[in-house]
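Visitor: Below: sequence and its predicted model.
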Amino acid sequence: MFIKGTFSEPKCKFTRKLVETLKPFNYRGIKTLNILENERIRQWLKFYSNWPTFPQVFVSGKLVGGVDIVCELIADGEFEAMLPKSCLPLAPKEAL
């Protein structure tokens, strides 16, 4: 995810909405890059992805979309199916 700020300290309302939406799922292996730290990367990503705003969420190297699209995919139950198995949360251990 290319975001403004970090997962623990979002720096815009759109990144904050994305983080708050993703947190309850405990997905593993989420990688983020704070695009506010590098203007060159920020501008290049807009060109590369043909997506003008941030956050930008990529899965397996492919752009999924911004916050609205990802939140919609999550609400519709479609986002998890897009993720590699290594990113899915661990199943809770059954009580003995």
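Guide: On my side now, so go ahead. No experiment lies behind these values; they were computed from the predicted model shown.

Visitor: alpha carbons only for contacts and neighbour counts from here, please
Guide: Will do.

Visitor: Okay, helices next: where are they in this protein?
Guide: Counting by DSSP state H, the chain has helices at residues 13-22, 39-49, 67-75, 79-82.

Visitor: can you pull the buried residues of the second one?
Guide: Using 16 or more other C-alpha atoms under 10 Å as the burial criterion, the residues of helix 39-49 that qualify are 41-42, 45.

Visitor: quick one: it to chain centroid distance?
Guide: 17 Å (C-alpha atoms, centre = their mean, to the nearest Å).

Visitor: Mind checking the pLDDT average for it?
Guide: Mean pLDDT, computed over helix 39-49, is 95.

Visitor: now the last one
Guide: Per-residue pLDDT values across helix 79-82 average out to 94.

Visitor: Check stretch 19-33 too.
Guide: For stretch 19-33, mean pLDDT rounds to 93.

Visitor: quick one on the thing from earlier: JSON lines please, covering the helices of the chain and showing distance to residue 28.
Guide: Listed next are the helices of the chain as JSON lines, based on distance: least, C-alpha to C-alpha, whole Å:
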{"stretch": "helix 13-22", "distance to residue 28": "11"}
{"stretch": "helix 39-49", "distance to residue 28": "24"}
{"stretch": "helix 67-75", "distance to residue 28": "16"}
{"stretch": "helix 79-82", "distance to residue 28": "12"}
